[in-house]
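Sequence unavailable; structure follows:
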């Protein structure tokens, strides 16, 4: 597919500003589904360099670390955070760009990098490299589905599937990685949302979260800056917080006995009240 013109890219960006719906179902019509009623015990993030942290200025600013802190800030017991991102990683050995990728692929590393950890929260963050490397969307969806079904043969964590995030330079990495554009990224986002719906996972639209702001992208044009990592973490946290009541449990307990800390007397006295 030839690269889109600047005008076509802008049109694609504007058309994609409406967030994609979360995959949800409920046994009771009109009642919101609660995806996870207890606090999280262990989170594993499986993904590419975008997950590994490239290139946040330090490990604590990677979105995986930030998300861990956001979750733990609302839990009575801290959740363990495991970052299993590998640079240039792809979803499968069947991906056309696999020979040029950072190995092993996701389908090859489920035992040691997911199952052995027995997470109850699993974030599977793929798509950016497969899109850039020319993996047909249908193949990517099939391999993502295979990853999910393989995991669920052994464990049953809450699985979160983010879309690719916003980037600005689709030429980085040479011809092997120059087969995508923003329109293809949005197609991948819709494809991942479809997999999430069919496989009972939560979907997070990171392209919508970015607002297509180029200043949240690292100077390499591919990865997120520290600010971008914060936005990624925040959006994933928002999806978890609004779908998992376990994140509210600790607050619901302590708010009944917490001290009243507000003192507005000075503000009122400024106007004679």
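Noted; the coordinates are in hand. Everything numeric in this text was worked out from a predicted model, so none of it was measured. Numbering: from 1, shown residues only.

quick one: pLDDT of residue 9?
For residue 9, the pLDDT comes out at 42.

Over to residue 30?
So residue 30 comes in at 74 (pLDDT).

Wait, a strand at it?
No. With DSSP: H, G, I helix; E, B strand; the rest coil as the criterion, residue 30 is coil rather than part of a strand.

That one: how many residues sit nearby?
Neighbour count of residue 30, defined by other CB atoms under 10 Å: 5. Where C-beta positions appear, they are placed from N, C-alpha and C, glycine not excepted.

how close does it sit to residue 224?
37 Å (CB to CB, to the nearest Å).

Check residue 251 too.
Taking CB to CB, one finds residue 251 at 29 Å from residue 224.

Next: residue 192.
Counting by CB to CB, the gap from residue 192 to residue 224 is 18 Å.

Residue 161 in helix, strand or coil?
At residue 161 the chain is in strand, as set by three-state DSSP.

That one - how many residues pack around it?
23.

For it, list the residues it contacts.
Shown in contact with residue 161 (CB atoms under 8 Å, 6 or more residues apart in numbering): 123-125, 144, 192-193, 195-196, 201-204.

neighbour-wise, which of residue 251 and residue 224 wins?
Under the neighbour definition other CB under 10 Å, residue 251 and residue 224 were set side by side, and residue 224 has more, 27 against 14.

So what pairs up with the more buried one in the strands?
With DSSP bridges applied, residue 224 shows beta-bridge pairing to residue 217.

what's the single longest helix in the protein?
Taking DSSP state H as the criterion, the chain has its longest helix at helix 182-199.

Show the pLDDT at the residue nearest to the spatial centre of the chain.
Nearest to the geometric centre of the chain sits residue 162, at 3.5 Å (CA atoms, centre = their mean). pLDDT for residue 162: 98.

ok, residue 186 touching residue 205?
No. Residue 186 is beyond contact range of residue 205, at 9.6 Å (criterion: CB atoms under 8 Å).

returning to what we had before: buried residues of the longest helix of the chain, list them for me.
182-189, 191-193, 195-197, 199 (16 or more other CB atoms under 10 Å).

What is it packed up against?
helix 6-15, helix 128-132, helix 137-152, strand 158-162, strand 202-204, helix 206-210 (3 or more CB pairs under 8 Å, 6 or more residues apart in numbering; DSSP states H and E).

Swap in 6 Å and give it another go.
Helices and strands touching helix 182-199, as assessed by 3 or more CB pairs under 6 Å, 6 or more residues apart in numbering; DSSP states H and E, comprise helix 6-15, helix 128-132, helix 137-152.

Lowest average confidence across those, which one?
Between the helices and strands packed on helix 182-199, the one with the least mean pLDDT is helix 6-15; it has a mean of 43.

What is the burial count for residue 121?
For residue 121, the neighbour count with other CB under 10 Å is 24.

Now do the same for the residue nearest to it when sequence neighbours are not counted: helix, strand or coil?
Spatial nearest neighbour of residue 121, excluding adjacent residues (CB to CB, 6 or more residues apart in numbering): residue 43 at 4.2 Å. Going by three-state DSSP, the secondary structure assigned to residue 43 is strand.

beta partners for residue 43?
Beta-bridge pairing of residue 43 under DSSP bridges involves residue 81, residue 121.

Offset the numbering so it begins at 34, please.
Will do, 34 is the new start, and the previous item becomes residue 76.

Could you list every helix and strand in contact with the helix or strand hosting residue 272?
Following DSSP states H and E, one finds residue 272 within helix 259-274. Where contact means 3+ CB pairs under 6 Å, 6+ apart, helix 259-274 is packed against helix 96-105, strand 235-237, helix 239-243.

Reformat those as a markdown table; add mean pLDDT.
Output for the helices and strands packed on helix 259-274, formatted as a markdown table (pLDDT from 0 to 100):
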| stretch | mean pLDDT |
| --- | --- |
| helix 96-105 | 98 |
| strand 235-237 | 98 |
| helix 239-243 | 98 |
